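J.: whatever this is, show me its structure:
(one chain, ligands or ions: 1)
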Amino acid sequence: MATVQDAHPAFRPSASPCGLARGAERMPEIVEMPASDTVSDADFKTAMRQVTSSVAVITARSGKARNGLTATAVCSVSAEPPMMLVCINRSATAESLIAESGSFAINFLSDQQHRIARLFSTSKLSAEERFGEGRWLSMATGSPVLEGAVATFDCKVVERVLSGTHHIYFGRVVGVTSLDQEALLYRDGSFRRLAAVG
Ligand SMILES: Cc1cc2nc3c(=O)[nH]c(=O)nc-3n(C[C@H](O)[C@H](O)[C@H](O)COP(=O)(O)O)c2cc1C
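T.: The predicted structure follows:
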């Protein structure tokens, strides 16, 4: 590990931060930065554990088969047109269902739905066990949509990009629902809920 002197220029404190006179603002100490442009698997995972994310269950249906997975690699892409992306491990059961059907649904869970997050992240659990909890409906694409979820996005796949172990699916949003309630979060290996500050 290198000190800040070896860091990329973007991470070095400038002599005059934000254009202020020297000494007008104290720069926070940056402790260590990697000297090379590669990071270890362990360092990447340690950093990612500090990131708090909303928890979603991504679902898909192809014919009579349905399944899904708990996911935090979920992001809005654009509002016009409405687009979302999800990053799906190519070994996940639901991956082939998304590919076959050309559609998926994103279900952002409420803090009351943490058991569903566990079911959909327990390796290779059957669809019966996973969908046994909660009430599952469908919208335009037929992908399972969870009643009581904070927000749901019914999506048609418009693009798929291969990236390492994952496929990134871009979906055009064709249906939405939302409810004003507390979201389920994930950080440092635990499911959590929001607390107000101040
Ligand atoms: C909080 C959390 C977030 C996850 N995020 C993702 C994700 O974004 N993409 C992914 O492919 N797997 C993610 N996983 C892992 C899958 O939920 C897990 O591997 C699941 O068992 C896959 O389904 P399968 O067992 O039917 O293959 C996450 C797991 C947890 C607990």
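J.: confidence score at the residue nearest to E182 when sequence neighbours are not counted?
T.: Distances taken as Cβ to Cβ, 6 or more residues apart in numbering put D111 closest to E182, at 4.6 Å, once the chain neighbours are dropped. From N, CA and C alone the C-beta is placed, and that goes for glycine too. According to the prediction, D111 has pLDDT 98.
J.: and D111, its phi and psi?
T.: Phi and psi for D111, reported as degrees, to the nearest 10, are phi -60, psi -20.
J.: doesn't A195 make contact with it?
T.: No: assessed by Cβ atoms under 8 Å, D111 is found out of contact with A195, at 10.9 Å.
J.: more neighbours, the two?
T.: Remark: of D111 and A195, D111 carries more neighbours, 17 against 6, as counted by other Cβ atoms under 10 Å.
J.: so who does that one touch?
T.: Going by Cβ atoms under 8 Å, 6 or more residues apart in numbering, D111 touches 181-185, 193-194.
J.: ok, which pair from these is furthest apart?
T.: Q181 and L185 (13.1 Å; Cβ to Cβ).
J.: can you pull out the helices in this protein?
T.: Using DSSP state H, the helices found in the chain span residues 41-49, 93-101, 114-119, 127-131.
J.: around the ligand, which positions in this protein sit nearby?
T.: 55, 67, 69-73, 87-89, 92-93, 120-121, 123-124, 186 (Cβ under 6 Å from any ligand atom).
J.: change it to 5 Å
T.: 69-73, 88-89, 92-93, 121, 123-124, 186 (Cβ under 5 Å from any ligand atom).
J.: okay, those in JSON lines with neighbour count and pLDDT next?
T.: Shown next, in JSON lines, are the residues of the chain next to the ligand (neighbours: other Cβ atoms under 10 Å; pLDDT from 0 to 100):
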{"residue": "L69", "neighbour count": "21", "pLDDT": "98"}
{"residue": "T70", "neighbour count": "21", "pLDDT": "98"}
{"residue": "A71", "neighbour count": "23", "pLDDT": "98"}
{"residue": "T72", "neighbour count": "18", "pLDDT": "98"}
{"residue": "A73", "neighbour count": "14", "pLDDT": "98"}
{"residue": "I88", "neighbour count": "23", "pLDDT": "98"}
{"residue": "N89", "neighbour count": "15", "pLDDT": "98"}
{"residue": "A92", "neighbour count": "19", "pLDDT": "98"}
{"residue": "T93", "neighbour count": "19", "pLDDT": "98"}
{"residue": "S121", "neighbour count": "16", "pLDDT": "98"}
{"residue": "S123", "neighbour count": "8", "pLDDT": "98"}
{"residue": "K124", "neighbour count": "8", "pLDDT": "96"}
{"residue": "Y186", "neighbour count": "20", "pLDDT": "98"}
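J.: thank you kindly, that will do.
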